[in-house]
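Chemist: I need the structure of the sequence given here:
(one chain, ligands or ions: 1)
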Amino acid sequence: MTRGFVLSFVHTQSIPFDFLTIMPSHVYPIEKIVHGGFGLSHTEEGQVVLLEEAISDETVQAKIHNTTKNLLQGVVTKVITPSVHRIQAPCPHYRKCGGCDFQHMEYSFQLQAKHDIIKDLLLRSGHPDLRHAAALLLKPLASPQQINYRQRIRLQVDDQQIVGFHKRRSHNCVAIRDCLLAEPAINNCLEKLHQQKSFDKLLAQTDAVEILLNPNSSRISIVIHYKRKPRPADKLYARDLAESLSEVEDIFFMGNTFAVTGHSNLSFTLPPIASHTEKSLCLSWESGGFCQVNIEQNSTLIQTVLDFCQTESEDDILDLFCGMGNFSIPLAEKAGTVLGIEGQASAIRSAKKNSAKAHQKNTDFIKRPIHDACKELVQDSRMFDCIVLDPPRQGVPGLARKLGSLCRKRMVYISCDPATLCRDLAELSGQGFILKTLQPIDMFPQTHHIEMIVLLEKQNSLPGMR
Ligand SMILES: C[S@@+](CC[C@H](N)C(=O)[O-])C[C@H]1O[C@@H](n2cnc3c(N)ncnc32)[C@H](O)[C@@H]1O
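Modeler: As a prediction, this is how the structure comes out:
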């Protein structure tokens with residue numbers, strides 16, 4: 001399809017009469033879906049066009065909301081030639097709400113799109129080892145649940161005291177009482193919260209409300225992110241809420257200007273992983289701490305990480321960004337030793353408890369910023385057979401050299417941002433790591449977000465040689 005103009009009728013209310021009858025609208029042929037979930041097109045002048053809600057091979061019209069010299073950004077307003085993979089988005093908040101930007105694609109195509117986005121990043125990286133790795137990219141592992149999979153949601157409260165998710169490119173919220181991605185018990189609780197006067201009373205000082213479902217007890221914890229330290233009256237409203245809603249276990253306040261007012265422990269049970277242990281493991285964490293949101297798919301994540309680690313009974317393992325021990329505890333069932341490092345105190349508390357509950361004697365958990373910890377481990381000439389690395393979105397810029405010194409056999413890198421992952425993989429390949437397998441795993445259906453598990457093997461001869 002050539003690029004050009006078509007004629008389309010427009011709404012009469014908002015357009016001056018001279019423009020009324022017919023107005024030219026640009027048609028964008030979508031070449032592919034790229035990082036961030038955008039449909040890519042080009043103008044005749046060669047500018048890049050990134051469009052929300054577009055699918056590869058479609059032709060669309062769009063509203064452009066941001067223009068720079070080389071880039072136009074916008075959103076589809078009309079699909080001229082729809083993709084066969086386009087479906088009616090299931091959520092009534094689609095388009096208004098800033099989340100769930102892949103809802104208009106059938107699920108199998110969402111997985112294909114995620115695969116293609118990563119492949120595109122690898123091929124365009126300009127790094128020979130990453131281009132080579134595009135051939136090693138596996139198909140994404142589908143999530144068992146495609147909706148209602150989130151064990152927690154965090155709703156924002158805007159200046160108008162609307163409770164919901166941010167609208168696209170806005171700090172205002174679209175009101176949400178039923179989120180497509182949340183577990184049904186969370187949506188039930190949210191609906192009931194809105195019926196409580198005490199909830200209204202708290203909203204004026206509230207920035208955000210987190211609703212967490214405890215997978216093992218099926219009870220709910222609520223964390224209220226408060227603008228100021230809660231006063232006795234605020235605590236009374238919270239207590240009233242907790243007493244009115246039978247499913248609510250606890251309500252806490254959290255804020256930038258004061259310490260958390262309490263916490264509850266949430267937990268899930270990980271079924272036995274045959275290659276590592278015959279026993280189920282119970283993993284707990286504190287409300288306010290990190291846990292993967294898609295608990296069912298987390299089991300597949302853990303299984304894949306364990307498979308990639310290829311642990312032997314004498315192996316020393318370093319788990320960086322270990323959280324509450326999501327990987328450390330199952331790994332310690334088979335490894336010689338596991339050292340977990342993490343920056344959040346509550347996560348380290350939980351990891352220690354989880355290990356003790358599993359009667360493990362071969363673990364150690366340290367609260368420390370990762371870059372500082374790695375520097376100290378290198379100074380102490382420590383080495384590990386396997387390193388597990390699960391950083392936040394920013395990845396680990398500047399850490400490759402230290403990781404090269406610390407690693408003896410292999411590294412398993414779990415990433416939630418394929419762009420920072422590619423940057424880090426390029427650095428790691430200069431430190432003697434060879435890319436072996438790249439496994440996408442879908443932790444976030446209906447969104448463009450991608451989780452990747454990458455196996456790298458350490459070549460102990462000349463760094464950078466394949
Ligand atoms: C993506 S989570 C992974 C947690 C864990 N591996 C899991 O699967 O549950 C990243 C973790 O890194 C921790 N973190 C973030 N930045 C850090 C830093 N600079 N130093 C140490 N820990 C950090 C966060 O507290 C969080 O627990």
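Chemist: what are the ranges of the helices in the stretch 251-400 of the chain?
Modeler: Under the criterion DSSP state H, counting those that start in this stretch, helices of the stretch 251-400 of the chain are mapped to 295-309, 328-332, 345-357, 370-379, 400-406.
Chemist: CSV for those helices, including mean pLDDT, distance to the ligand and mean neighbour count?
Modeler: For every residue, glycine as well, the C-beta is placed using N, CA and C. Listed next are the helices of the stretch 251-400 of the chain as CSV, based on pLDDT from 0 to 100; distance: least, Cβ to the nearest ligand atom, whole Å; neighbours: other Cβ atoms under 10 Å:
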stretch, mean pLDDT, distance to the ligand, mean neighbour count
helix 295-309, 97, 7, 20
helix 328-332, 98, 8, 27
helix 345-357, 97, 5, 20
helix 370-379, 98, 4, 16
helix 400-406, 98, 13, 19
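Chemist: would you list these in a markdown table and tack on distance to F268?
Modeler: Written out in a markdown table, the entries for those read as follows (distance: least, Cβ to Cβ, whole Å):
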| stretch | distance to F268 |
| --- | --- |
| helix 295-309 | 5 |
| helix 328-332 | 12 |
| helix 345-357 | 11 |
| helix 370-379 | 25 |
| helix 400-406 | 30 |
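Chemist: Please name whichever of the ones you listed is nearest to Q161.
Modeler: Set against Q161 and scored by Cβ to Cβ, these come closest in helix 345-357, at 29.5 Å.
Chemist: residues making contact with that closest one?
Modeler: Contacts made with helix 345-357 from outside it, assessed by Cβ atoms under 8 Å, 6 or more residues apart in numbering, are listed as 263, 265, 281-286, 288-290, 322-325, 328-329, 332, 340, 342, 363, 365-367.
Chemist: Inside strands: which ones of those?
Modeler: Within the contacts of helix 345-357, residues falling in strands by DSSP state E are 265, 281-286, 340, 342, 363, 365-367.
Chemist: So which of those wins on neighbours?
Modeler: With neighbours defined as other Cβ atoms under 10 Å, the most crowded of the ones in strands among the contacts of helix 345-357 is G340; it has 30 neighbours.
Chemist: Check the residue nearest to that one when sequence neighbours are not counted and give its pLDDT.
Modeler: The shortest distance from G340 to any residue other than its chain neighbours is 3.3 Å, reached at C322 (Cβ to Cβ, 6 or more residues apart in numbering). According to the per-residue confidence, C322 scores 98 in pLDDT.
Chemist: Likewise for the one 5 residues further on?
Modeler: If you check F327, the pLDDT there is 98.
Chemist: Let me see the contact set for it.
Modeler: I302, V305, L306, D319, V388, D390.
Chemist: okay, now the residue in the stretch 151-300 of the chain that the ligand sits nearest to: neighbour count?
Modeler: Using Cβ to the nearest ligand atom, the closest approach of the stretch 151-300 of the chain to the ligand is made by F290 at 3.8 Å. Taking other Cβ under 10 Å as the criterion, the count of residues near F290 is 18.
Chemist: Would you check that it makes contact with Q344?
Modeler: Yes. Using Cβ atoms under 8 Å, F290 makes contact with Q344 at a distance of 7.0 Å.
Chemist: measure the residue lying closest to I366 once chain neighbours are set aside to the ligand for me?
Modeler: Closest residue in space to I366, ignoring its immediate chain neighbours: I341 at 5.1 Å, by Cβ to Cβ, 6+ apart. Per Cβ to the nearest ligand atom, to the nearest Å, I341 is found 7 Å from the ligand.
Chemist: closest one to I162 among the helices of the stretch 251-400 of the chain?
Modeler: Smallest distance to I162 across those (Cβ to Cβ): 28.9 Å, for helix 295-309.
Chemist: what pLDDT, on average, does stretch 268-277 get?
Modeler: 91.
Chemist: Just the terminal-to-terminal distance for that stretch.
Modeler: Distance between the boundary residues of stretch 268-277 (Cα to Cα, to the nearest Å) amounts to 17 Å.
Chemist: Check which residues of it are buried.
Modeler: Using 16 or more other Cβ atoms under 10 Å as the test for burial, stretch 268-277 gives F268, L270, I273, H276, T277.
Chemist: for K235, what are its contacts?
Modeler: Contact criterion Cβ under 8 Å, 6+ apart gives F253, T261 as the residues in contact with K235.
Chemist: Three-state assignment for it, please.
Modeler: Secondary structure for K235, judged by DSSP: H, G, I helix; E, B strand; the rest coil, is helix.
Chemist: do the same with D57
Modeler: When the structure is split into helix, strand and coil by three-state DSSP, D57 lands in coil.
Chemist: roughly how far apart are the residue nearest to I366 and C322?
Modeler: 6 Å (Cβ to Cβ, to the nearest Å).
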